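S.K.: here is a sequence together with a model predicted from it:
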Amino acid sequence: MMADKGNVEIRNLDVRFGSGANVVDAVNEVSIDVKPGEFVSILGPSGCGKSTLLNVVAGFVKRTGGSVLVDGVDVRGPGAERGMVFQQYSLFPWMTVRKNVEFGLKMQGRQRSERETAARTLLGLAGLLAFENHYPDQLSGGMKQRVGIVRALATSPQVLLMDEPFGALDAQTRVVMQQILTNMWQRFRLSVLFITHDIDESIFLSDKVYVMTARPGRIKAEIEVPLPRPRVAEMTTSNEFLQLKRQLHELIRGESFKAMGGDLKEGMGGFGMEVGPQGVAELI
Ligand SMILES: Nc1ncnc2c1ncn2[C@@H]1O[C@H](COP(=O)(O)OP(=O)(O)OP(=O)(O)O)[C@@H](O)[C@H]1O
């Protein structure tokens, strides 16, 4: 079943903070498309404006120029058709797991029994039903973020906005979370706009990856990921995957240097010098 809602059109987006000598151009002339049911990642070096961009789509930050349309409607503030998952889990510590998931539904005025059923169904899908009466600080990071995703899905948004949701997790948990997310996305078929600085993660999850430059963030490239669905871990060692990885490394390498305050010197990015998304930090 293909989704017919959740179309995101970002056109010539500019975001500028401050004024006079303190002006910061965070996002510059960015155009991005997320088609209904598509999984799209934005990959970019630290500080390039990824979070700012997502926050504009969420309606938390005002744009300076350009337009953001969700299903043809101009974004002017937050809305129920856009769910957000943050890097910091941002669960209410005084509420149980189930109450956290039910929160958005309660705000929408849904009946208790309806809320409970919806929350329990989603928690079941995420393998968390046994923890419905636990409090967030009794959970691991990966479990907390699963609750964060379930909570965002509970109100049936058309678009899920995810800001480096696995950034705070260890490498193994991260891989498991990517698998859970891709499985859940396959089931719900909603549009996702996903921010990351992890190349493997962007390939594994996405239909399309936009690569951003160092600040001010512009779109440097748009790469389709033609890997079949469902995505499984074995694909990460396929030739197709490794080729995409090489291509994205090439694109992001120079930008990571710039983001660290320097430029890529002649020869430094040449053969034998692998600089990943962490940029020069990996060389020190
Ligand atoms: N409210 C604000 N006022 C002034 N400057 C801001 C504000 N928010 C962000 N910036 C600046 O805009 C630029 C982009 O920040 P942003 O957080 O969007 O980058 P990012 O790519 O998400 O970075 P990271 O991956 O490190 O989180 C940075 O230089 C940041 O300092």
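M.R.: That came through fine.
S.K.: the ligand contacts on the stretch 151-284 of the chain?
M.R.: Neighbours of the ligand within the stretch 151-284 of the chain, by C-beta under 6 Å from any ligand atom: 197, 215. (Each C-beta comes from the backbone N, C-alpha and C, glycine too.)
S.K.: which residues are in contact with the residue in the stretch 151-284 of the chain positioned nearest to the ligand?
M.R.: The nearest approach of the stretch 151-284 of the chain to the ligand comes at residue 215, 5.3 Å away (C-beta to the nearest ligand atom). By C-beta atoms under 8 Å, 6 or more residues apart in numbering, residue 215 lies in contact with 24-26, 47-49, 259.
S.K.: try 7 Å this time
M.R.: By C-beta atoms under 7 Å, 6 or more residues apart in numbering, the residues touching residue 215 are 26, 47-49.
S.K.: any quick PyMOL command for the buried ones out of those?
M.R.: Selecting only the buried entries of the contacts of residue 215 in PyMOL, with 16 or more other C-beta atoms under 10 Å as the criterion:
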select buried, resi 26+48+49
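S.K.: can I get the contacts of residue 215 in a markdown table including distance to residue 191, pLDDT and secondary structure?
M.R.: Shown next, in a markdown table, are the contacts of residue 215 (distance: C-beta to C-beta, whole Å; pLDDT from 0 to 100; DSSP: H, G, I helix; E, B strand; the rest coil):
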| residue | distance to residue 191 | pLDDT | secondary structure |
| --- | --- | --- | --- |
| 26 | 23 | 94 | strand |
| 47 | 26 | 86 | coil |
| 48 | 22 | 89 | coil |
| 49 | 21 | 93 | coil |
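S.K.: out of the contacts of residue 215, who's near the ligand?
M.R.: 26, 47-49.
S.K.: centre-most residue in the chain?
M.R.: residue 194 (2.1 Å; C-alpha atoms, centre = their mean).
S.K.: if we can go back for a sec, the residue of the stretch 151-284 of the chain closest to the ligand and residue 26, how far apart?
M.R.: 7 Å (C-beta to C-beta, to the nearest Å).
S.K.: next one: residue 118
M.R.: According to C-beta to C-beta, residue 118 stands 37 Å off from residue 26.
S.K.: swap in residue 241?
M.R.: For residue 241 relative to residue 26 (C-beta to C-beta), the value is 32 Å.
S.K.: thinking again about what came up before, give the contact list for the residue nearest to the centre of the chain.
M.R.: Contact analysis of residue 194 by C-beta under 7 Å, 6+ apart lists 39-41, 162, 205.
S.K.: from the residues you listed, which land in helices?
M.R.: residue 205 (DSSP state H).
S.K.: let's have the contacts of residue 194 in TSV, adding neighbour count, distance to residue 251 and pLDDT.
M.R.: Shown next, in TSV, are the contacts of residue 194 (neighbours: other C-beta atoms under 10 Å; distance: C-beta to C-beta, whole Å; pLDDT from 0 to 100):
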residue	neighbour count	distance to residue 251	pLDDT
39	26	19	98
40	22	16	98
41	27	13	98
162	25	21	97
205	24	18	97
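S.K.: can you pull out the strands in the stretch 151-284 of the chain?
M.R.: 159-163, 191-196, 208-212, 219-224 (DSSP state E, counting those that start in this stretch).
S.K.: ok, back up a step: show me which of the contacts of residue 194 is closest to residue 112.
M.R.: Comparing the contacts of residue 194 against residue 112 with C-beta to C-beta places residue 162 closest, at 29.0 Å.
S.K.: from what I see, that closest one and residue 192 are in contact.
M.R.: Yes: assessed by C-beta atoms under 7 Å, residue 162 is found in contact with residue 192 at 6.4 Å.
S.K.: poorly predicted segments of the stretch 1-150 of the chain, please.
M.R.: Within the stretch 1-150 of the chain, the stretches with pLDDT under 70 are 1-2.
S.K.: the ligand contacts on that one?
M.R.: Residues of the stretch 1-150 of the chain lying near the ligand (C-beta under 6 Å from any ligand atom): 17-18, 24, 26, 44, 46-52.
S.K.: can these go into JSON lines with extra columns for distance to residue 209?
M.R.: Output for these, formatted as JSON lines (distance: C-beta to C-beta, whole Å):
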{"residue": "17", "distance to residue 209": "26"}
{"residue": "18", "distance to residue 209": "30"}
{"residue": "24", "distance to residue 209": "25"}
{"residue": "26", "distance to residue 209": "20"}
{"residue": "44", "distance to residue 209": "10"}
{"residue": "46", "distance to residue 209": "17"}
{"residue": "47", "distance to residue 209": "19"}
{"residue": "48", "distance to residue 209": "14"}
{"residue": "49", "distance to residue 209": "16"}
{"residue": "50", "distance to residue 209": "12"}
{"residue": "51", "distance to residue 209": "17"}
{"residue": "52", "distance to residue 209": "19"}
